[in-house]
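1. got a predicted model here, sequence first, then my questions.
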Amino acid sequence: MVGEGLAFAESHLADGPVLVYSTEAPDTVRTVQGRLGAAKAGELVEQTLARIAQGLVERGVRRLVVAGGETSGAVVQALGITGLRIGPQIDPGVPWCAAALPDGETLHITLKSGNFGGPDFFTAAFDLLDEEAPS
């Protein structure tokens, strides 16, 4: 799955921001959760998305929007982020941040839980960063 997600993203990055997400029919989710347990199934999805984010950063991506509280934690951990500098607010409670990566590069990242952000959040996030990137 990680390789497929990275291949998809790589083939579209030249066109602008790329959305990588997980979804499945409710019946399928219940079946998988029944087999693995809800916590383990969720952790597998979070770790997969974190590894995709890590692969994107390794390929030079320096702007990420991460949605989901547990997924945000998994991505921050996978990237080795130890601190964030708060930047401009995208929506109430959700700012762009600047993070120093272990190699010294700056990553612009926003961490959005499921309960924050309007219906145009993703578009608004990149529009705002294009106007005024956190320094």
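-> Looks like it came in fine. Because the structure is a prediction, the values reported are computed rather than measured.
2. show me how far the longest helix that the chain contains is from its chain's centre.
-> As assigned by DSSP state H, the longest helix anywhere in the chain is helix 38-58. Centre-to-centre, helix 38-58 and its host chain are 9 Å apart (C-alpha atoms, centre = their mean, to the nearest Å).
3. what's the answer for stretch 65-74, then?
-> Offset of stretch 65-74 from its chain centre (C-alpha atoms, centre = their mean): 6 Å.
4. for the longest helix of the chain, packing partners?
-> Judged by 3 or more C-beta pairs under 8 Å, 6 or more residues apart in numbering; DSSP states H and E, the packing partners of helix 38-58 are helix 2-12, helix 26-36, strand 63-67, helix 69-79. (Each C-beta comes from the backbone N, C-alpha and C, glycine too.)
5. repeat that for 6 Å
-> Counting by 3 or more C-beta pairs under 6 Å, 6 or more residues apart in numbering; DSSP states H and E, the packing neighbours recorded for helix 38-58 are helix 2-12, helix 69-79.
6. for stretch 108-124, measure first residue to last.
-> 15 Å (C-alpha to C-alpha, to the nearest Å).
7. list the buried residues in it.
-> 108, 109, 110, 111, 112, 116, 117, 121, 122 (16 or more other C-beta atoms under 10 Å).
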